[in-house]
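1. sequence unavailable; structure follows:
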């Protein structure tokens, strides 16, 4: 049985890669949306350099014809960059996702990942995802029962062919962070940025803080996600309003423009929301 490790670019997911890096039956796949933070791309390259793994990097290929599904292409490490090209293609065909309907993950990660695995391994593989034991809302009911953990109200039944870090490792988030502090390299991103800097499921203050820290990225993001090529035909709501309270990204920046960056950061750090909902933990290809 082949083990396909879905690597999101985050620390927990990378630790799962570490556990399997010497397994001859393990295969490692990273789905690139062209919207990851540059430090994420560097982290990925460092992992390949230090651990010597064979990492397959995929990008979605969007068929512009309606009712035709997506495909994928294998890209080189030199092509890993924040150019937003997959987003441009997806937005042109499907329009914008919403914060409570993030179909961007399905279109750009899950569907091409599954197609690649089916064409490469047939049915003889299992998917491994970096979800820890302290993430009960993300683990399926069967895994929670196996680990004698409380069943969260939002937990769902396990899909066939899915396995999780929590099944083989008791590490919680602090354990993962402690482990990475002992390594010769690390992911150089603060929590509020995450891998996908302007992830639509982030709270508005996280999005605004990310925009203050990465203003050039914010302007490029606005240009792509609120531009004239974003499909609006057949959409129930304004096709640009991706964020909470149905705000444009431009609206979020405007709403927080007079807020002091350091004060925002201190307030967010003191909140439990600072360490929850970051894209580096929530945007798994198979989440």
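-> Perfect, I can see it now. Just so it is clear, the structure is predicted and the values come from calculations on it, not from any experiment.
2. quick check, pLDDT for the closest residue to residue 155 other than its chain neighbours.
-> With sequence-adjacent residues excluded and distances taken as C-beta to C-beta, 6 or more residues apart in numbering, residue 155 is closest to residue 141, at 4.9 Å. Bear in mind the C-beta positions are built from the backbone N, C-alpha and C, glycine included. Residue 141 carries a pLDDT value of 92.
3. what residues does stretch 171-188 touch?
-> For stretch 171-188, the surrounding residues in contact (C-beta atoms under 8 Å, 6 or more residues apart in numbering) are 9-12, 14-15, 39-40, 42-43, 46-47, 50, 132-134, 165, 275, 280.
4. PyMOL command for the buried members of those?
-> Buried members of the contacts of stretch 171-188 can be picked out in PyMOL with the line below, counting by 16 or more other C-beta atoms under 10 Å:
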select buried, resi 9+10+11+12+14+15+39+40+43+46+47+132+133+134+165+280
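5. which of the contacts of stretch 171-188 fall in helices?
-> With helices taken from DSSP state H, the overlap with these comprises 11, 12, 14, 15, 39, 40, 42, 43, 46, 47, 50, 280.
6. so who does the first one touch?
-> With C-beta under 8 Å, 6+ apart as the criterion, the residues that contact residue 11 are 176, 177, 180, 186, 187, 280.
7. closest to residue 112 out of the residues you listed?
-> Nearest to residue 112 among the contacts of residue 11: residue 280, at 20.0 Å, using C-beta to C-beta.
8. where does this structure dip in pLDDT?
-> Along the chain, the model assigns pLDDT under 70 to residues 234-240, 271-283, 285-287.
9. would you list every one of the helices in it?
-> Going by DSSP H, the chain shows helices at 11-20, 38-51, 85-94, 103-105, 111-121, 141-146, 173-181, 204-213, 215-225, 249-255, 261-269, 279-282.
10. and the ones you listed as JSON lines, adding distance to residue 4?
-> As requested, the helices of the chain are exported to JSON lines (distance: least, C-beta to C-beta, whole Å):
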{"stretch": "helix 11-20", "distance to residue 4": "10"}
{"stretch": "helix 38-51", "distance to residue 4": "16"}
{"stretch": "helix 85-94", "distance to residue 4": "20"}
{"stretch": "helix 103-105", "distance to residue 4": "17"}
{"stretch": "helix 111-121", "distance to residue 4": "6"}
{"stretch": "helix 141-146", "distance to residue 4": "18"}
{"stretch": "helix 173-181", "distance to residue 4": "21"}
{"stretch": "helix 204-213", "distance to residue 4": "31"}
{"stretch": "helix 215-225", "distance to residue 4": "30"}
{"stretch": "helix 249-255", "distance to residue 4": "34"}
{"stretch": "helix 261-269", "distance to residue 4": "35"}
{"stretch": "helix 279-282", "distance to residue 4": "20"}
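11. between those, which one is nearest to residue 57?
-> Closest approach to residue 57 among the helices of the chain (C-beta to C-beta): helix 38-51, 7.8 Å.
12. give me the contact list for that closest one.
-> For helix 38-51, contacts defined as C-beta under 8 Å, 6+ apart pick out 7, 9, 14, 17-18, 21, 30, 53, 55, 57, 77, 80-82, 184-189, 195, 280.
13. thought residue 264 was touching residue 208?
-> Yes. With the criterion set as C-beta atoms under 8 Å, residue 264 and residue 208 qualify as a contacting pair; they are 7.0 Å apart.
14. neighbour count for the two, which is higher?
-> Between residue 264 and residue 208, residue 208 has the larger neighbour count (other C-beta atoms under 10 Å), namely 25 against 17.
15. what separation is there between the more buried one and residue 97?
-> Counting by C-beta to C-beta, to the nearest Å, the gap between residue 208 and residue 97 amounts to 19 Å.
16. point me to the residue sitting farthest from the middle of this structure.
-> Relative to the centre of the chain, and counting by C-alpha atoms, centre = their mean, the farthest-placed residue is residue 258 at 29.7 Å.
17. what's the spacing between it and residue 264?
-> Separation of residue 258 from residue 264 (C-beta to C-beta) stands at 11 Å.
18. what do those two both touch?
-> Shared between the contact lists of residue 258 and residue 264 (criterion: C-beta under 8 Å, 6+ apart) there are no residues.
19. quick check: domain ranges of this structure?
-> Per automatic domain parsing, the domain ranges recorded for the chain read 2-188, 204-275.
20. can I get these in TSV including distance to residue 284?
-> Written out in TSV, the entries for the domains of the chain read as follows (distance: least, C-beta to C-beta, whole Å):
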stretch	distance to residue 284
domain 2-188	5
domain 204-275	17
